[in-house]
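A.B. asks: quick one: sequence and predicted model below, then my questions.
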Amino acid sequence: MNFLIFGGWGLAAILLVVIMYRLRVEQNLLDWLRDRPQELPPDLPAPLDEISRLSYRRFERTKKHKKRLNNYISLFRELIDAMPDAAFVIDKQGRLADFNHHAQLLFHLNHRTDINRPIDHFIRTESIGSFWQHIQQNHLFMTRLIVDDSHWLEFNIILLSQGKILVIARDMTRIVDLDLKRKAFIDNASHELKTPITVIRGFLELLSAQNLPEYMQVPMREMVKQIERMHGLVQDMLKLASLEEVESAVKTEEVLLLPFIEEIVASLLPQYPESTGIKIGYVEHITLQVNAEILQSMISNLLVNALVYAHSKNPIEINAACTEEWCLIAVNDDGIGIAPEHISRVTERFYRVDSGRLRVTGTGLGLSIVKHGAEIHGGRLVIKSKVDLGSLFTIELPISRVIKREMEPQN
């Protein structure tokens, strides 16, 4: 009996020792997982040794992934800070989430105090009201920023995941100032040249009417030709300056398009008697709400551009029709065409294509006038051309400019 009792106590003692050992081993495993997972795992009995080895390998993989991710983040931060533009991220509540070095300098930001503060607290503009509300509706715009002094900034809005927005702000102050100075110079030069050219032109007209000796007639014709060219240049410069000053509140009136085009064509043809002529093709019977003077200048410049530059084999053709979105006024020729590398630049001021095949005397401002005139009306100028096949110049005006429309064509 005593033997049985002693044996029972001995078995209990052995079990207690085994349990305590097991608890100690498990505690060692937990301590290692919690405090020292970066170290090699302790020696443990099976199957805990397998668990520790798997945990260690997973930790090593995670550590490598984390290091790689941190490297990517550091590289991305370096790239963002190296950008020449200011960049910042706004969360879906309109609060500042992050920014780069240039944004810090431009907007006087501080990572410790400004993160999670409303973006409208940092960005104040002259005209758009709440910056946060504005960027939710406009993805590209330019406005004057009020900080310590005034800056012109172009904002490019990029939508990110989770409702966040990346804003890239480019400081356009120097470019805008240079553009304003250029416009002021052209405007002032145009006005300064207008009076003396008008006087010289008048005297040349008087002299041309006289019975001049034959040896003076050729020089006189050349002087008249050059002064007319200068007069046209000044007029175009003044026209372009006035278009650049006009904003959305342009004065408009109703214009019945077909007779309007017919009148323009009738006035131009006598000026170019050696041309192949102008054909009025399909013109939809529509009435536009536009600035008549600007529209007349746009259409005239397209037609004159084709007459002077195209050297078309057949009459230049003008057509007009509407789509669901646009009213299209197109001038088509089958002349020399424009090389692809020039198409994007022909609307620049004073830009002319030197093909080496013809001698032209235009001012280099006509297409720029057309482009500005279209933009004032909310439209655009579209150019399609192929060398030796011809060109198609299309004024696209918003369909909202059409106030009356009949489907019957009038030719």
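C.D. replies: Looks like it arrived, so ask away.
A.B. asks: immediately after the longest helix along the chain, which helix or strand?
C.D. replies: Identified as the longest helix of the chain according to DSSP state H is helix 173-209. Next in sequence after helix 173-209, counting helices and strands by DSSP states H and E, comes helix 214-245.
A.B. asks: helices and strands around whatever helix or strand comes next after that next one, which ones?
C.D. replies: Beyond helix 214-245 on the C-terminal side, the first helix or strand identified by DSSP H and E is strand 253-256. The contact analysis (3 or more CB pairs under 8 Å, 6 or more residues apart in numbering; DSSP states H and E) places strand 253-256 against strand 278-290, helix 292-305. All C-beta spots, glycine's among them, are computed from the backbone N, C-alpha and C.
A.B. asks: out of the ones you listed, which one sits most buried?
C.D. replies: When you average the neighbours per residue for each of the helices and strands packed on strand 253-256 (mean count of other CB atoms under 10 Å), helix 292-305 leads with a mean of 21.
A.B. asks: what is that one packed up against?
C.D. replies: With contacts taken as 3+ CB pairs under 8 Å, 6+ apart, helix 292-305 sits against strand 253-256, helix 257-268, strand 316-322, strand 326-333, helix 366-376, strand 390-398.
A.B. asks: which stretch among the ones you listed comes nearest residue 310?
C.D. replies: Evaluated over the helices and strands packed on helix 292-305, closeness to residue 310 peaks at strand 326-333, with 4.0 Å, by CB to CB.
A.B. asks: so which of the helices and strands packed on helix 292-305 gets nearest residue 295?
C.D. replies: strand 253-256 (6.3 Å).
A.B. asks: name every strand pairing with the closest one and say which way it goes.
C.D. replies: Counting by DSSP bridges, the strands paired with strand 253-256 are strand 278-290 (antiparallel).
A.B. asks: between the partner strand and strand 316-322, how many degrees?
C.D. replies: Relative orientation of strand 278-290 and strand 316-322, computed by axes from the mean of the first three to the mean of the last three CA atoms, to 10 degrees: 30 degrees.
A.B. asks: tell me the angle of strand 278-290 relative to helix 257-268?
C.D. replies: Going by the same axes, to 10 degrees, strand 278-290 makes 130 degrees with helix 257-268.
A.B. asks: tell me which element residue 405 is part of?
C.D. replies: For residue 405, the host element (DSSP H and E) is strand 402-409.
A.B. asks: what about that strand, average pLDDT?
C.D. replies: Per-residue pLDDT over strand 402-409 has a mean of 71.
A.B. asks: wait, residue 98 sits on residue 88?
C.D. replies: Yes. Counting by CB atoms under 8 Å, residue 88 is a contact partner of residue 98 at 6.6 Å.
A.B. asks: between the two, which one's more packed in?
C.D. replies: The neighbour comparison of residue 98 against residue 88 (other CB atoms under 10 Å) goes to residue 88, with 25 against 17.
A.B. asks: sec struct for the more buried one, please.
C.D. replies: strand (DSSP: H, G, I helix; E, B strand; the rest coil).
A.B. asks: now do it against residue 317, distance only.
C.D. replies: Residue 88 is 52 Å from residue 317, where distance means CB to CB, to the nearest Å.
A.B. asks: try residue 78
C.D. replies: Where residue 317 is concerned, residue 78 sits at a distance of 57 Å (CB to CB).
A.B. asks: the two: which is more packed in?
C.D. replies: Neighbour count, other CB under 10 Å: between residue 78 and residue 317, residue 317 has more, with 19 against 9.
A.B. asks: so what's the more buried one bridging to?
C.D. replies: Taking DSSP bridges as the rule, residue 317 bridges to residue 279, residue 332.
A.B. asks: could I get the buried residue list for stretch 375-382?
C.D. replies: By 16 or more other CB atoms under 10 Å, the buried positions in stretch 375-382 come out as 376-377, 379, 381.
A.B. asks: nope, stretch 113-121 is what I was after
C.D. replies: For stretch 113-121, using 16+ other CB under 10 Å, the buried residues are 114, 119-120.
A.B. asks: for stretch 339-354, same thing?
C.D. replies: For stretch 339-354, a neighbour-count test (16+ other CB under 10 Å) marks 342, 346-347, 349, 352-353 as buried.
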